[in-house]
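Undergrad: Structure for this input, please:
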Amino acid sequence: MQFPLSKFLGAGANAGEGAFTEQVTAVNVAKECLLAALKADPKAAHIWANLANAYYMTGDHRSSGKCLEKVLMAHC
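TA: Next comes the predicted model:
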């Protein structure tokens, strides 16, 4: 039994290379916005959590982990 690739990778998985480029651009823009938001409120745990997700999506697991540490520190 074969399943379509989009079933495992999510909606738009078969959209082509252009969609991937747009997703990478969107994640990079999100990271820039989240970093700017952290300058205004460096203790905002929800911003750190979203930034961790953005780093994770780009494969930067080290930075993602550091952001998650900030989430924990914000709740102390």
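
Undergrad: Which strands or helices does the longest helix along the chain pack on?
TA: Ranked by residue count under DSSP state H, the longest helix found in the chain is helix 17-40. Packing partners of helix 17-40 (3 or more CB pairs under 8 Å, 6 or more residues apart in numbering; DSSP states H and E): helix 45-57. Yep, even glycine has a C-beta here, placed from its N, CA and C like the rest.

Undergrad: Next, the angle helix 17-40 makes with the helix it packs on.
TA: 150 degrees (axes from the mean of the first three to the mean of the last three CA atoms, to 10 degrees).

Undergrad: Next one: the residue nearest the centre of the chain from H46, what distance?
TA: The centroid of the chain falls nearest to A54 when counting by CA atoms, centre = their mean (1.6 Å). Taking CB to CB, to the nearest Å as the measure, A54 falls 13 Å from H46.

Undergrad: do L72 as well
TA: From L72 over to H46 (counting by CB to CB), the distance is 13 Å.

Undergrad: And for E22?
TA: Using CB to CB, we find E22 at a distance of 25 Å from H46.

Undergrad: can you list the residues that contact stretch 35-44?
TA: Applying CB atoms under 8 Å, 6 or more residues apart in numbering, the contact partners of stretch 35-44 are I47, W48, L51, A74.

Undergrad: When you filter these down to buried only, what's left?
TA: For the contacts of stretch 35-44, burial is judged from neighbour counts taken by 16 or more other CB atoms under 10 Å, and it is met by I47, W48, L51.

Undergrad: Report the spatially nearest residue to the last one, omitting neighbours in sequence.
TA: What it means is L51. Of all residues not flanking L51 in the chain, L34 sits nearest, at 4.3 Å (CB to CB, 6 or more residues apart in numbering).

Undergrad: Any idea how many residues pack against that neighbour?
TA: Using other CB atoms under 10 Å, L34 is surrounded by 21 other residues.

Undergrad: Noted, bye for now.
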